[in-house]
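> Need coordinates for the following:
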Amino acid sequence: MHADHQTFLDALAAKRRLSVQFFSRKENRELVRVCAPLDRGLLRGALDGLERYQFWDLEAKRKPYNLAVLEQDIVKMTALDETFDPANIITWTFKPGAWTVPRDWGAFS
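Predicted coordinates for the structure are as follows:
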């Protein structure tokens with residue numbers, strides 16, 4: 001688990017936004033994004049079997065807004081004062097109990 005794992009869990013529980021600093025393999029450089037924490041676990045469709053921290057990129061200008069980052073690529077996660085509403089993020093057909101990390105998000109738990 002990443003050194004800031006508890007920060008991730010606390011933000012997820014409190015529905016707080018995170019500043020996520022990470023190395024982007026796609027862009028081959030470090031990036032910082034403001035995100036909503038979604039989950040940590042295996043990514044559907046990933047063939048490597050590695051768990052990822054999964055976020056909703058609140059600064060993305062175009063789809064996909066989901067951001068899945070390997071633990072070793074995360075530099076730092078910092079909780080922000082701003083919150084988010086899961087209802088504004090979860091626009092797909094949600095299946096209750098689908099998360100790896102438990103949370104109390106009402107209908108989106």
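> number of nearby residues for the closest residue to residue 58 other than its chain neighbours?
Once flanking residues are discounted, residue 58 sits nearest to residue 34: 5.0 Å by C-beta to C-beta, 6 or more residues apart in numbering. For glycine as for every other residue, the C-beta is placed from the backbone atoms N, C-alpha and C. Residues lying near residue 34 (other C-beta atoms under 10 Å) number 18.
> I figured residue 34 was touching residue 78, is that so?
No - taking contacts as C-beta atoms under 8 Å, residue 34 lies outside contact range of residue 78: 10.0 Å.
> what's the overlap in contacts for these two?
18, 19 (C-beta atoms under 8 Å, 6 or more residues apart in numbering).
> Check the residue nearest to residue 81 when sequence neighbours are not counted and give its pLDDT.
Leaving aside its sequence neighbours, residue 81 sits nearest to residue 16 (C-beta to C-beta, 6+ apart; 7.6 Å). At residue 16, the pLDDT value in this model is 98.
> Give the burial count for residue 16, as a bare number.
Residue 16 has 17 neighbours, counted by other C-beta under 10 Å.
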